[in-house]
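Engineer: The sequence isn't on hand, but the structure is:
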């Protein structure tokens, strides 16, 4: 039996839950209690968007899909795939807003959020990644030869407002590329490099090319944490 002395405390708890349900800042709804952030985000479905709304401008993009996240959005851009390697060639871009943008980039967390590392990199560890640099700063990558003249690359990087304009007022945009091609690693990395990732498709054209939306304050690579 509930004691009379408990009524004020229970009343405050109910009022707090009611107010939280009304305020968008709570970050969850009443039917998501007990779920992890990943479980909540996994409920969000991807929907197609026009290529002109792509957040990057890689050569020959085949589709653009987008969904909402808690404190951001995710976009997946399909790339041409002409080799017999399981899986899709993709650019995955995830934005983070507000205080979430201040968090360090963690390899394991990012890979978990996107559903796991893609083949043939399902067992990759951050210590195996090499570093590269372009006008947008640092990126991290690895490669694997799959058959005669077929190269797969996995690359990750973080972009901030200092490097380029970001969609929807985001503070950061985390990017992953999986690309398998009949060619070299340098050729496979092109979709994640500055000429492709430095601006959205609306700023140029869907074939790649035109003026980049780069800030004159472009700085070295973002603060990344690899564990």
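Structural biologist: All right, it came through fine. Predicted model, so just to flag it, every value in this text is computed and none were measured.

Engineer: Could you pull out the helices in this structure for me?
Structural biologist: Taking DSSP state H, the helices of the chain run over residues 7-22, 37-42, 107-113, 185-188, 194-197.

Engineer: how far away is residue 83 from residue 69?
Structural biologist: Plainly put, residue 83 is 31 Å away from residue 69 if you go by CB to CB, to the nearest Å. Every residue, glycine included, has its C-beta placed from N, CA and C.

Engineer: do the same with residue 58
Structural biologist: Distance, residue 58 to residue 69, using CB to CB: 22 Å.

Engineer: quick one: which of these two has more around it?
Structural biologist: residue 58 (26 against 17; other CB atoms under 10 Å).

Engineer: residues touching that one, list them.
Structural biologist: With CB atoms under 8 Å, 6 or more residues apart in numbering as the criterion, the residues that contact residue 58 are 77, 79, 91, 190-191, 196-197, 208.

Engineer: Next up, the contacts around residue 166.
Structural biologist: By CB under 8 Å, 6+ apart, the contact set of residue 166 is 55, 95, 159-160, 172-173.

Engineer: Mind picking the two most distant members of the residues you listed?
Structural biologist: Greatest spacing in these, by CB to CB: 55 and 160 (13.9 Å).

Engineer: More neighbours: which of those two?
Structural biologist: residue 55 (27 against 20).

Engineer: Next, the distance between the ends of stretch 170-190.
Structural biologist: When the termini of stretch 170-190 are compared using CA to CA, to the nearest Å, they are 24 Å apart.

Engineer: err, stretch 125-136, not the other one
Structural biologist: Note: stretch 125-136 ends 24 Å apart using CA to CA.

Engineer: for stretch 97-114, same thing?
Structural biologist: 18 Å.

Engineer: Let the chain start at 476 from now.
Structural biologist: Done: numbering now begins at 476, and the last item shifts to stretch 572-589.

Engineer: mind listing what's buried in that stretch?
Structural biologist: Using 16 or more other CB atoms under 10 Å as the test for burial, stretch 572-589 gives 572, 575-576, 580, 582, 584-586, 588-589.
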